[in-house]
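> Let's see this in three dimensions:
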Amino acid sequence: MVEQAKIVLEFIGVFLIVYFGTYLFSFKKIKKFNRSKMPVNIKYLVIKYNVDIVGLGYKRVFKTLMLCDSFIIAAIFTVTRFVDNVYIRLLIAFILIFPLFAGVYHLVAMYYKKESER
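A predicted model of the protein is given here:
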């Protein structure tokens, strides 16, 4: 029971560190929507899923993606913490990162597509 609590606290700690780090270094810099200065994750949603960023709110979408990115990084950190070998841990993280990003971004895009239809 104590071990599960440590794992959950570690997940929450990594999540909060990544989220606040992203908030301080990225979110504070954005002012208005500028198509040429969009971050890569928002460009991915626009190009692949044709999400209307202006209609939904640029900062709102950016905040959602910050939460998703923090969740993905914390999840990968938590899943790979059981592997002792650094090289195998990096390999597992590299294998897991692409499907997780694709799956979570797909869910976010479908949510925003349905919301923009309303």
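> element containing the nearest residue to residue 51 once chain neighbours are set aside, please.
Distances taken as C-beta to C-beta, 6 or more residues apart in numbering place residue 45 nearest to residue 51, at 4.5 Å, with adjacent residues excluded. Just so you know, the C-beta spots here come from the backbone N, C-alpha and C atoms, and that holds for glycine as well. Element membership of residue 45, judged by DSSP states H and E, is helix 40-49.
> Would you mark the buried spots in that helix?
Buried positions in helix 40-49, judged by neighbour count with 16 or more other C-beta atoms under 10 Å: 41-42, 44-45.
> Make TSV out of those residues and add distance to residue 99.
TSV is the format used below for those (distance: C-beta to C-beta, whole Å):
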residue	distance to residue 99
41	16
42	20
44	15
45	17
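> I'd guessed residue 108 sits against residue 63; true?
No. Under the criterion of C-beta atoms under 8 Å, residue 108 makes no contact with residue 63, lying 11.4 Å away.
> helix or strand right after whatever helix or strand residue 71 lives in?
Using DSSP H and E, residue 71 falls within helix 58-79. Next helix or strand after helix 58-79 toward the C-terminus (DSSP H and E): helix 86-117.
> gap between that following helix and the chain center?
Mean C-alpha position of helix 86-117 versus that of the full chain (C-alpha atoms, centre = their mean, to the nearest Å) differs by 8 Å.
> Nearest the geometric middle of the protein, what residue?
Compute the mean C-alpha point of the chain, and by C-alpha atoms, centre = their mean the closest residue is residue 69, 1.4 Å away.
> contacting residues around residue 45?
Residues in contact with residue 45 (C-beta atoms under 8 Å, 6 or more residues apart in numbering) are 51, 53, 61, 65, 105, 108-109, 112.
> Please pick the buried ones from the residues you listed.
For the contacts of residue 45, a burial check counting by 16+ other C-beta under 10 Å picks out 51, 53, 61, 65, 105, 108-109, 112.
> Can you add pLDDT and give these back as CSV?
Listed next are the buried ones among the contacts of residue 45 as CSV, based on pLDDT from 0 to 100:
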residue, pLDDT
51, 90
53, 88
61, 91
65, 94
105, 96
108, 96
109, 95
112, 93
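> For the helix holding residue 71, C-alpha coordinates in PDB please.
The C-alpha coordinates for helix 58-79 follow below in PDB (Å, rounded to 0.1, in the frame of the first residue of the first chain):
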ATOM      1  CA  TYR A  58      -5.800  29.800 -28.800                       C
ATOM      2  CA  LYS A  59      -4.900  30.000 -25.100                       C
ATOM      3  CA  ARG A  60      -7.500  27.500 -24.100                       C
ATOM      4  CA  VAL A  61      -6.200  24.900 -26.600                       C
ATOM      5  CA  PHE A  62      -2.700  25.600 -25.500                       C
ATOM      6  CA  LYS A  63      -3.600  25.100 -21.800                       C
ATOM      7  CA  THR A  64      -5.300  21.800 -22.700                       C
ATOM      8  CA  LEU A  65      -2.200  20.600 -24.600                       C
ATOM      9  CA  MET A  66       0.000  21.600 -21.700                       C
ATOM     10  CA  LEU A  67      -2.000  19.400 -19.400                       C
ATOM     11  CA  CYS A  68      -1.900  16.500 -22.000                       C
ATOM     12  CA  ASP A  69       1.900  16.800 -22.500                       C
ATOM     13  CA  SER A  70       2.400  16.800 -18.700                       C
ATOM     14  CA  PHE A  71       0.200  13.800 -18.300                       C
ATOM     15  CA  ILE A  72       2.100  11.900 -21.000                       C
ATOM     16  CA  ILE A  73       5.500  12.700 -19.600                       C
ATOM     17  CA  ALA A  74       4.500  11.800 -16.100                       C
ATOM     18  CA  ALA A  75       2.900   8.500 -17.300                       C
ATOM     19  CA  ILE A  76       6.000   7.500 -19.200                       C
ATOM     20  CA  PHE A  77       8.200   8.400 -16.200                       C
ATOM     21  CA  THR A  78       6.000   6.300 -13.900                       C
ATOM     22  CA  VAL A  79       5.800   3.300 -16.300                       C
END
